[in-house]
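Undergrad: Got a sequence here, can you model it:
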Amino acid sequence: MIRKGEEKVMDDKIKVIDGGVTAARGFQAAGIAAGIKKGGKKDMAMIYSEKPCVCAGTFTTNVVKAAPVKWDQKVVADSAFAQAVVCNSGIANACTGQEGYGYCQATAQAAGKALNIPAESVLVASTGVIGQQLPMPVIEEGVKNLAPLLLGTREAAALAAEAIMTTDTVKKEAAVEIEISGKKVSIGGMCKGSGMIHPNMCTMLSFVATDVQIDKELLKEALRESVQDSYNMISVDGDTSTNDTVLLLANGMAGNPVITEKNQDYELFKEALDYINKTLAQKIAGDGEGATALFEVKVVGALDKEQAVTLSKSVITSNLTKAAIFGHDANWGRILCAMGYSGAQFDPEKVDLYFESKAGKIQIMKDGVGTGYSEEEATKILSQDKVTVIADIKMGEATATAWGCDLTYDYVKINADYRS
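TA: Residues are numbered from 1 along each chain as shown. You can find the predicted model right below:
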């Protein structure tokens, strides 16, 4: 974990810094308790860019799409630019019909008035209980109160990240710096997600802001590809939400030459964006409702990427395997079983399986047969807060990594009384 005041160099090109959605030039944020949630918890956040942004977004694959998803899809597709995001937690504004969509428009209009920008440049997002209408007097008052609190500070980013949480136990942020054509470019983001999380986007919201200058179509392509290897490779409980949204805003204030083709500048930006999204995705998976461990599955030696993705996802979504991880039980038969019903073809008699964590690494299966490993050593490895399964299927050179979490008693408790 990167703490305040610390920084880490990933390689000679990407520097990981302590930061969130305000890390890039020109971006400001705020988070408040508007009164949507009980107990004075923060429940509204705002992100604002001093300059208009090119914008990209990816959204839930669920046929049932929340009103904010529909609004944001229209803004991303049709608006000349985006400049602000307003997000509430506590109520999802999903399954709310035309009234709910009208409330998205009303929220955007209130923000537009408060910030002196067009309503069609305001993106909106909601997370929480499905089926309830937004309390618009509270929302509109919240927008008015957020606008004068906007700051570009680290603390402001943290407050915004806290305000979008629902069952999350920790706020989730990430930031990096790179250099493009002699100009410092920053990317920062925040997300939320803990339950109703499944590949193909989840009950997750992610907002990423950058000061890079880039063509809109290339920004869209970069985000679309990045999501496939990050948010779409996580699962907590197999439920795909109605509200999943990832938004990427670029205001160009870094002053780099505009990226208009897939050159070295684009590849470096894409690498940095991938780091942000994978980091945020892992934070969601590791904070799964009731979870005690981040569960990572790496499939190596696959014939192609599609096969590796299918196999890794199948293992992280197996409830029996997730329960075994919670119990620190090296029940490798469940892993092989999950791979077997994934739909991907492979030879089980060639598979090698390993468990790995900061406590060590152990091979538990070789060529489809148990190795006679030490149960005591395996339990020690599985007792850490991050556990990795490595499956080598010995068919090719392709790999994929998926992230999930263990399945605990608390997951049921949390979701049994979520509305109360």
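Undergrad: outside of the helix or strand containing Gly102, which residues touch it?
TA: Secondary structure assigned from DSSP states H and E places Gly102 in helix 97-115. In this structure, residues lying in contact with helix 97-115 by CB atoms under 8 Å, 6 or more residues apart in numbering are 46, 48, 66-68, 70-71, 83-84, 86, 93-94, 96, 117-124, 133-134, 136, 139-140, 143-144, 146-147. (Each C-beta comes from the backbone N, C-alpha and C, glycine too.)
Undergrad: Distance-wise, check Ile164 relative to Lys171.
TA: 8 Å (CB to CB, to the nearest Å).
Undergrad: Overlap of the contact sets of these two?
TA: Common neighbours of Ile164 and Lys171, using CB under 8 Å, 6+ apart, are Met190, Lys192.
Undergrad: Comparing the two, which shows the higher neighbour count?
TA: Using other CB atoms under 10 Å as the criterion, Ile164 and Lys171 rank with Ile164 on top: 28 against 22.
Undergrad: can you pull the pLDDT of the nearest residue to Asp215 once chain neighbours are set aside?
TA: Distance criterion CB to CB, 6 or more residues apart in numbering; nearest residue to Asp215, sequence neighbours excluded, is Thr260 at 4.8 Å. For Thr260, the model assigns a pLDDT of 98.
Undergrad: before we move on, what about the one 3 residues further on?
TA: You'll see Asn263 listed with a pLDDT of 97.
Undergrad: For it, grab phi and psi.
TA: Main-chain dihedrals, Asn263, degrees, to the nearest 10: phi -100, psi -160.
Undergrad: Between helix 97-115 and the biggest strand by length in the chain, find me the angle.
TA: Criterion DSSP state E: the longest strand present in the chain is strand 44-59. Between strand 44-59 and helix 97-115, the angle comes out at 120 degrees (axes from the mean of the first three to the mean of the last three CA atoms, to 10 degrees).
Undergrad: so after strand 44-59, what's the next helix or strand?
TA: Scanning onward from strand 44-59 (DSSP H and E), the first element met is helix 67-78.
Undergrad: What is the burial count for Gln264?
TA: Neighbours of Gln264 (other CB under 10 Å): 10.
Undergrad: swap that for Ala391, please
TA: The burial count for Ala391: 24, using other CB under 10 Å.
Undergrad: Secondary structure element holding the residue nearest to it when sequence neighbours are not counted?
TA: With CB to CB, 6+ apart as the criterion, Ala391 has its nearest non-adjacent residue at 5.0 Å, and that residue is Val299. Using DSSP H and E, Val299 sits within strand 294-302.
Undergrad: Strand 294-302 and the next helix or strand after that strand, what's the angle between them?
TA: Counting by DSSP H and E, the next helix or strand C-terminal to strand 294-302 is helix 305-316. Between helix 305-316 and strand 294-302, the angle comes out at 150 degrees (the same axes, to 10 degrees).
Undergrad: Show me the helices in the stretch 301-420 of the chain, by range?
TA: When secondary structure is read from DSSP state H, counting those that start in this stretch, the stretch 301-420 of the chain shows helices at 305-316, 319-326, 332-340, 375-382, 409-416.
Undergrad: Which of the residues in the fourth one are classified as buried?
TA: Across helix 375-382, burial judged by 16 or more other CB atoms under 10 Å covers Ala378, Lys380, Ile381, Leu382.
Undergrad: could those go into CSV alongside pLDDT?
TA: Output for the buried residues of helix 375-382, formatted as CSV (pLDDT from 0 to 100):
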residue, pLDDT
Ala378, 96
Lys380, 97
Ile381, 97
Leu382, 96
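Undergrad: ok, so of the residues you listed, who is nearest Trp403?
TA: Proximity of the buried residues of helix 375-382 to Trp403 (CB to CB) peaks at Leu382, which lies at 16.2 Å.
Undergrad: What is the burial count for the nearest residue to that closest one once chain neighbours are set aside?
TA: With CB to CB, 6+ apart as the criterion, Leu382 has its nearest non-adjacent residue at 4.2 Å, and that residue is His328. His328 has 17 neighbours, counted by other CB under 10 Å.
Undergrad: Same question for Pro68.
TA: Counted with other CB under 10 Å, the neighbours of Pro68 add up to 32.
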